[in-house]
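>>> I need the structure of the sequence given here:
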Amino acid sequence: MKKVFFALVVILFAKFNAQGWKTDEQYIQKFALYAVEEMEKYKIPASITLAQGLLETGGGQSRLAQQGNNHFGIKCKEDWTGKTMKHTDDAPNECFRVYDDPRDSYEDHSKFLAYRKFYVNLFKLDMMDYKAWAHGLKKAGYATNPKYAYILIDKIEKNKLYEFDRTNSKEVLYAVLKMYPNLKNDDIFMARLDQSQVKSKPVTIKVPYEQISYTDQKKKVEKLVSTAESLNAILIKSHPNGGKKFVIIPNDIALAAISKKFQITESALMKWNELDGNELRRNDILFLENKSNKGNVATYSAQAAESMHDISQKFGVKLNKLYSKNRMDYGQQPKVGQLIYLQSKKPRK
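Now for the predicted structure:
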């Protein structure tokens with residue numbers, strides 16, 4: 001999902017790396033993508049994340065941001081095992097986290113909110129209600145400044161950051177260009193995202209908040225994030241055998257997640273793919289419609305450890321038809337090198 005788009009962003013924003021960030025506008029143009037990506041994964045409003053980043057870094061000018069890629073002033077805490085730096089904040093020479101890339105800082109900020117029980121109630125709020133989130137952060141003890149919520153709201157409204165709550169990571173450049181129409185083609189935004197490349201809507205997840213340990217909570221959230229990223233990576237393909245629609249599963253995933261993504265019932269997917277379980281494995285072929293009665297080639301030589309179901313999926317042929325054509329009992333498996341008939345029935349001896 002992200003490879004092509006991220007390459008675009010690297011090119012588009014490279015100019016900022018050389019000159020630094022002098023205004024809030026430049027900070028927003030550079031880091032809006034990261035905030036929107038985090039919103040898709042953790043359901044934290046992008047407007048809130050960007051406003052906090054602006055406030056904490058002074059528009060990217062803070063020492064923590066420039067030397068430690070730390071955009072949210074996150075201190076080391078007991079669970080941090082990465083790089084650190086000393087910085088005077090509430091007390092002299094406090095320990096702060098150091099990141100290899102600002103993107104890591106943005107994700108760590110999301111995890112900081114998602115994994116801690118103090119912020120559980122935030123995720124019960126409407127993701128479009130940035131005011132409620134701002135006040136919720138203050139109430140949860142994120143900052144000691146009594147005006148913290150109002151400062152965030154002011155930054156959001158002054159910079160129209162709420163626009164990023166209504167977009168997704170594939171279209172965030174359009175939102176930026178809409179907000180800053182005076183940017184020219186020969187400026188940092190010299191390219192446009194091709195809408196034809198947008199294959200599907202971004203997947204959002206609901207983070208669970210049971211009162212469990214930090215470690216278990218972290219594992220649950222990371223599993224959900226991994227599932228969401230896997231779903232975003234799936235593209236529908238057309239099979240050579242009749243153009244039947246199918247997908248290749250990028251990572252181990254539950255059939256229910258595929259069912260929800262493509263709005264097809266689990267029972268239909270199980271029937272069309274002759275599945276006997278609800279778990280899909282990496283590189284599995286899954287058809288999104290019924291397979292054909294015969295193949296697009298006449299025969300095939302079975303490979304080592306290849307089952308009749310594997311061959312059925314590879315060539316898009318219904319499993320029962322495949323058994324019938326080869327005069328085999330259902331459940332019987334082919335031998336290495338065995339000639340499998342895909343169109344007409346195997347001749348009788």
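
>>> tell me which element the most centrally placed residue in the chain falls in.
Centroid-nearest residue in the chain: Glu229, 3.4 Å away (criterion: C-alpha atoms, centre = their mean). Using DSSP states H and E, Glu229 maps to helix 214-233.

>>> please apply the same query to Ser267.
Applying DSSP H and E as the criterion places Ser267 in helix 266-272.

>>> now do Ser324
With DSSP H and E as the test, Ser324 turns up in helix 319-325.

>>> show me how far that helix is from its chain's centre.
Centre-to-centre, helix 319-325 and its host chain are 39 Å apart (C-alpha atoms, centre = their mean, to the nearest Å).

>>> neighbouring contacts of the helix or strand just after the helix holding Glu229?
Sequence-wise, the next helix or strand downstream of helix 214-233 (DSSP H and E) is strand 237-238. By C-beta atoms under 8 Å, 6 or more residues apart in numbering, the residues outside strand 237-238 that reach it are Lys244, Lys245, Phe246, Val247, Ile248. C-beta coordinates here come from the backbone N, C-alpha and C atoms, glycine included.

>>> okay, now the unreliable bits of the stretch 151-300 of the chain?
Counting by pLDDT under 70, the stretch 151-300 of the chain contains low-confidence residues at 181-225.

>>> all helices of it, in order?
172-179, 214-233, 255-262, 266-272 (DSSP state H, counting those that start in this stretch).

>>> is it possible to get JSON lines of the ones you listed that adds distance to Arg103?
Formatted as JSON lines, the helices of the stretch 151-300 of the chain follow (distance: least, C-beta to C-beta, whole Å):
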{"stretch": "helix 172-179", "distance to Arg103": "14"}
{"stretch": "helix 214-233", "distance to Arg103": "14"}
{"stretch": "helix 255-262", "distance to Arg103": "25"}
{"stretch": "helix 266-272", "distance to Arg103": "35"}
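
>>> mind listing what's buried in the helix holding Ser324?
Leu319, Lys321, Leu322, Tyr323, Lys325 (16 or more other C-beta atoms under 10 Å).

>>> which residue packs closest to the second one, ignoring adjacent ones?
Nearest in space to Lys321, with sequence neighbours left out and distances taken as C-beta to C-beta, 6 or more residues apart in numbering, is Asn293 at 5.2 Å.

>>> and for that neighbour, the neighbour number?
Neighbour count of Asn293, defined by other C-beta atoms under 10 Å: 14.

>>> the nearest residue to Lys314 once chain neighbours are set aside bridge partners, please.
Spatially, and ignoring its direct neighbours in sequence, Lys314 is nearest to Ile285 (6.8 Å; C-beta to C-beta, 6+ apart). With DSSP bridges as the criterion, Ile285 is bridged to Ile248.

>>> I'd say Ile285 and Lys244 touch.
No. Counting by C-beta atoms under 8 Å, Ile285 stays clear of Lys244, with 10.6 Å between them.

>>> ok so Cys95 is a strand residue?
Yes. Assessed by DSSP: H, G, I helix; E, B strand; the rest coil, Cys95 belongs to a strand.

>>> that one: what's it in contact with?
Lys75, Cys76, Thr84, Met85, Lys86.

>>> beta partners for it?
Lys86.

>>> show me where the stretch 51-200 of the chain has its strands.
Along the stretch 51-200 of the chain, counting by DSSP state E, counting those that start in this stretch, strands occupy 84-87, 94-97.

>>> just give me how far stretch 158-177 sits from the chain centre.
For stretch 158-177, the separation from the chain centroid amounts to 17 Å (computed by C-alpha atoms, centre = their mean).

>>> show me what counts as buried in that stretch.
Of the residues in stretch 158-177, those buried (16+ other C-beta under 10 Å) are 159, 161-165, 167-173, 175-176.

>>> swap in stretch 24-36?
Buried residues in stretch 24-36, counted by 16+ other C-beta under 10 Å: Asp24, Gln26, Tyr27, Ile28, Gln29, Lys30, Phe31, Ala32, Leu33, Tyr34, Ala35, Val36.

>>> let me have these in a markdown table, extended by secondary structure and distance to Lys43.
Output for the buried residues of stretch 24-36, formatted as a markdown table (DSSP: H, G, I helix; E, B strand; the rest coil; distance: C-beta to C-beta, whole Å):
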| residue | secondary structure | distance to Lys43 |
| --- | --- | --- |
| Asp24 | helix | 25 |
| Gln26 | helix | 27 |
| Tyr27 | helix | 23 |
| Ile28 | helix | 21 |
| Gln29 | helix | 24 |
| Lys30 | helix | 23 |
| Phe31 | helix | 19 |
| Ala32 | helix | 17 |
| Leu33 | helix | 17 |
| Tyr34 | helix | 15 |
| Ala35 | helix | 13 |
| Val36 | helix | 12 |
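
>>> thanks a lot, see you next time.
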